[in-house]
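K.L.:
what's the 3D shape of this:
(3 chains)
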Amino acid sequence: MTTSLLEVRGLTKHFPVRTGFVRQLFARGPRPVVRAVEAVDFALQAGEVLGVVGESGCGKSTLGYTLVRLLEPSAGEMRFSGAAVDLGSVARDKAFRRQVQLVFQDPYQSLNPRFTVYETVREPLVIHGLERGGVRPRVLEMLEEVGLRPAEAYLERYPHQLSGGQRQRVSIARAMILEPRLLVADEPVSMLDVSIRAGILGLLRRLSEERGLAIVYISHDISTVRYLCRRTAVMYLGRIVEIGPTEQVLNEPRHPYTKALVAAVPRIRSAAARGRVRLTGEVPSPVDVPTGCVFHPRCAQALPNCQRDVPHPVPMADGRTVTCVLYEKEGK
Amino acid sequence: MSALHAERGSGAVAELVYRARAVLALFWSDGYGRFGLCVLCVFAAVAVLCPWIATHDPWVNNTRPDGTLARLNGPSAAHLLGTTYYGQDVFSQLVLATPQTLLVGVVTAILVGFIGTNVGLISGYFGGVVDDVLMRITDFFYAIPFLPFMMVVVSFFGTSVAVVVGSMSLVFWRTAARVVRSQVLTVKQRPYVLAARASGAGHARIIYRHILPNVLPLSFLYLLFGAAWGVLTESSLSFIGLGDPNRLSWGLMLNQAFATGSIRYAWWWVVPPGAALTVFMVSLYLLGRAFEEQSSPRLRQQ
Amino acid sequence: MTALLSVRGVKFDYRSPAGPVRALNGISFELERGEALGLVGESGCGKTTVARAILRLLPPNASIAEGEVLLRGRDMLKMSPQELRSVRWRDVALVTQSAMNALDPVYRVRSQIVEAIQLHEDCSTADARRRAERLFDLVGLKQEWIDRYPHEFSGGMRQRAIIAMALALDPALLVADEPTTALDVIMQEQVFDELNRARRDKGIALILITHDIAVVAENCDRVAVMYAGQFVEVASTASLFAEPMHPYTIALCNSFPSLESGNGELVSIAGAPPDLAAPPPGCRFAPRCPFAQPRCRAEAPALRALAVGHSVACHFAEQAATFREAGRLGATWERAETAGGTQLR
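P.N.:
Numbering: from 1, shown residues only, chains lettered A, B, ... in the order given. Predicted coordinates:
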C-alpha cells in the first residue's frame, strides 16, 4: 500500500469575526467565528487530479489556500509524502513550498505588473537560491512547455502586453518551475474566454500526465471538473458532502446537495432531461451555521433527526464517500 | 514606451537609466508637465552656473560712484535688479541663493521619501502591533504644531540648515507614510504577492522586491511634494528669522526687506525672491500633477 | 404585424487614441413580442455595445455612425433626451451584470422601486408599494423583503430584486447583459426560472447577452452569434445547436465543456480576435479559421439565409457539414496559428 502524496484529516479553518470594540466588551458567550472549512478529510495520490466543486462561499478557495499553507489551519492535520507538514524552520518551509504550488483565478492580478515574464518565472528559482548554472535556459524551457512559443519573444514582455490566457500560462510556468509534486489550481479558467479555456485545461492535463503532477482543481464550474478530474469532491458550507470518482458523483449523485447542483447546470442539448431539484432558501452564512447536518434547512429529503445529528462520511461500494444520513445503512 | 523597451539593457544601472528615461518621457508628454520640467531645468542650470551668472559678491555693500552707499537703488545697468537696504546686489543674491534652495529641496525630498516609504511599507505589510505602533508615532507627528516645534528645535540646536532640514523631514514624512501604507494594504492582498509567499519568499524580499516597485510611483509623488514643502517651509522659517542669517536664501531676502521696512516700496527686492519661490513651487506641483495623472489610471488598472 | 424591435444596419464607433474603432459593423435583427433572443460571443465581440446602442446609453467617446433602432416603430436613435427618458424603463429596461451594485446601499429596496415607478407614472406611494410587493412575488422573493436594505440580500436575491425593478413599469422589452455570470448555477437557475415565468405572464420580450451558450440554449428562442462586432450566424436555438454552420459557432460549441459530452476533446481556438482599430479586410474570422480560403481574406461575407430562419456570414457555409466533422478535433483549430499569425489583444 503506497503512501498517499497528500493526506488531510479533520482540516479546519476558522476566522474570528471582528466586531466593534464596544460590542466585544459587552458580548456574552463565545466569539462568533467564520467556519470557512470544517473537518475536511481526503487523500490524494501522486499524479491524481482531484476536483473540488461548490458554490461561492462554500470554502473551496480557503481550502486551497490552507493546503498550500498561505493560511494556517485552525485544526486538523496534513501529511505530505507520509510526513506531517511542519513549517517550523525556514529550511522546512522552503522545502515544503518547493513541492506544493498554487495557481490563482485572476490572470489580471496574478502577475506583478512591474516584472517582466522572465523576472516572474525566474523568481521562485532566485528565492530558493537555485540560480546558479544559469536560469535563462530553464525559464525558456518552461515557457515553451506551457505553450508560449517562441519563448524568447515573451521574456521581456510585461503582463499588460499579454492576453488573459497568456498570463495564466505564465502563472503556471511560475508555479511549475520548481517542479512541485502538487499543484493547487484555484479556478484557473473561470475568468478566461470560453474558447481559450480548453487550452489551459489541456495544459494542466498534460502536465499531470507527463510529469506525474497531482492537481487539486477548484472550480464552481462542474463541466470543467468533469473534463479534467478523475475524482471529485463536493463542498457545502465548508464541508465535503460527497467525494468519489467523477463519473459516479456527476452521473449518479447521491447527496441531496450534489443532486441539486448537477441538476442546475444548464445543458445545450438535453435541457428537458436535466430534472429540477428545487432548493428552498438561500445559503446560510458561515458564521451562523445550522445545527446537525448543515444542509438540512434546504434539503428536500431531510428527516426530522437531521436537525440534531451530524452525519459522518460513509464509504460506499463504488468507491465514493457520502456524508448523509440517508446512506448510512447502505455504506460500510 | 515600446521604443524605450526595445533599447533596454540588463543590469541594475541600465534599469535605473531606463526608469529615469521613462519618467522624463512621462513628464514631457503632458503640457503642464513639460512646462514644469523646463522651469526646473532653468533653476538647475542657474544653480550650477551661478558663480558665472552672478554679477557681484552678494554680501558686499556696494557704493555708488560718488561714494555713498547704493542703498535701495532701483534696477539699473550696474545692478540688474537693484540693491537692498544694505547696498547689496539683489540679482546676485537671488542667483546665488538658488543652489542652496535646491539642495534643501532635494535633501528634504529624499529624507521624506525614504522615511515615509519605509514606515508605510513596514507598517502596512506587517500590520498588527507593528502597524499600531508606527501609526501612533505618525499620529504623534501629525499632532505637533510645526512652528512652535521649530522654535524649540532652533533654540536648542541652532539655526543651521542641517537642523532645519532635519526637523522638517522629521515632521513631513508622516503624510507619505500614511499614503504609502494604504497602498501597501491593497497591494499585499494581490495574488502576485501571495504567489511570492507561496514560493517561499521571506518578508524582506516580498516587501522590497515585490511590493515596493508597485508603491514607488506614490513614493515618487511624495518625493516631489517633499521638495516643495521643504523649500517653502525653509523659506518661511528664514522669513520669520528662524533661519541661518549667514546663509543666503530667498526667505532671508524677504526677511531683510521686511525687517528694514522696505517691503512696501522696494519692489525690485521683494518681487524676485517671491516670484522665484512661487515659480519653483508651481513647477514642482505641475510635475506632481502630471505624474499623478499618468500613473493613476495605470495604478487603478493594476 | 410589425416587429416590436427592429434594428437595421447599426454601426457604432468609439474614439480611441489609436483612431476610431468600429465596435459594431452593421448589426441588423428583428424581435417579436414576447420573443427571447440570445446574443452570444466572447469578450470584445461587441455584445454589450449592442445593448448600449439600443438603449442609447453611450459613453462620451462613442457615437452611432449609421442605422436605425425602431422600437414599436419609433427610431430611438433620433429621439430627444426627453423622449428617451420616457421610453427607458417604461418600454425597454436594462439589467446588467453589475446590477448588484446598482442598488443604493443606504436606502431600503422599497424606496428605490417606488422612486422608479413614481418617476415615470402618476402613482401614489401606497399604490407603488403594492406594486413593488407584487413584483417581488413575481420574481420569487418574499414580499416583506422590500423593506430590507440591499446588503441583506444575497447575490442571487439582489439580481432578482433588480429584475423586479426592471419589470416595475411593465416594459415590453428587457435587455439583460450577463445577468447571471457572477452567480452560481443554483442561483442562476432560480433567476431564470423566475424571469421566464414573469416573461410568460406578461409577454415581455428578452434580449439575453452572455458568453454562456448553455444558458442561451435553455432560455432563448433564437440565437445570434457575434464575432468582432458582427453577426456571424443567426438562427433558432434548436437549429443553431443541432447544425451550427459558421466555423466560429462550431468552434464555440466544441470548446464548451458540458456534462453531456463526457471526457471527449475540448477545442481551443488559437489566436485572438482582431484589433478593431484595424480589422482585417475580408472575413474577420479568417485569420483564425482553419477552413479559410483566399476568397475569405479578400471579400467580407454577408449574412445570408441558408435555410428558413437560419443565416450565416460565410462564403462556404454550404460545406458546414464537413466543417462540423473536422471541427470536433482539437488539432483542426491549432493549425490556424501559423496561418494567420497571432495578434495580441
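
K.L.:
how many neighbours does residue 146 have?
P.N.:
This is for chain A. Other residues near A:Val146 come to 26 when the count uses other C-beta atoms under 10 Å in any protein chain shown. Backbone N, C-alpha and C define where each C-beta goes, glycine included.

K.L.:
other chain: chain C
P.N.:
Around C:Ile146 there are 21 residues (other C-beta under 10 Å).

K.L.:
Assumed it was part of a helix.
P.N.:
Yes: assigned with DSSP: H, G, I helix; E, B strand; the rest coil, C:Ile146 falls within a helix.

K.L.:
Can you tell me the element the closest residue to it other than its chain neighbours falls in?
P.N.:
The shortest distance from C:Ile146 to any non-neighbouring residue, by C-beta to C-beta, 6 or more residues apart in numbering or on different chains, is to C:Arg110 (4.0 Å). Using DSSP states H and E, C:Arg110 falls within helix C:109-120.

K.L.:
still on that earlier bit, show the contacting residues for the residue nearest to C:Ile146.
P.N.:
C:Arg129, C:Ala132, C:Ile146, C:Asp147 (C-beta atoms under 8 Å, 6 or more residues apart in numbering or on different chains).

K.L.:
out of those, which is most surrounded?
P.N.:
Going by other C-beta under 10 Å, C:Ala132 tops these with 25 neighbours.

K.L.:
wait, isn't it in contact with C:Glu115?
P.N.:
No: counting by C-beta atoms under 8 Å, C:Ala132 does not reach C:Glu115; the two are 10.3 Å apart.

K.L.:
Quick check: pLDDT value at residue 57.
P.N.:
Since you didn't name a chain, this refers to chain A. What the model reports as pLDDT for A:Gly57 is 79.

K.L.:
The intended chain is chain C.
P.N.:
At C:Leu57, pLDDT is 83.

K.L.:
what's the answer for A:Val33, then?
P.N.:
pLDDT, A:Val33: 87.

K.L.:
Next up, the contacts around the residue nearest the centre of chain C.
P.N.:
In chain C, the residue lying closest to the centroid (C-alpha atoms, centre = their mean) is C:Ile209, at 2.0 Å. Contact analysis of C:Ile209 by C-beta under 8 Å, 6+ apart lists C:Gly38, C:Leu39, C:Lys47, C:Thr48, C:Val50, C:Ala51, C:Val175, C:Ala176, C:Asp177, C:Glu178.

K.L.:
quick one: which two of those residues are the most distant?
P.N.:
Within the contacts of C:Ile209, C:Gly38 and C:Thr48 form the most distant pair, 13.9 Å apart (C-beta to C-beta).

K.L.:
Quick one: the strands in the chain, in order.
P.N.:
As the question left the chain open, I've gone with chain A. Using DSSP state E, the strands of chain A run over residues A:6-16, A:33-44, A:49-53, A:75-80, A:83-84, A:100-103, A:182-186, A:214-219, A:231-236, A:239-245, A:314-315, A:321-322.

K.L.:
wait, I meant chain C there
P.N.:
Using DSSP E, strands in chain C cover C:5-16, C:19-31, C:36-40, C:62-71, C:74-75, C:92-95, C:173-177, C:205-210, C:222-227, C:230-236, C:304-307, C:310-312.
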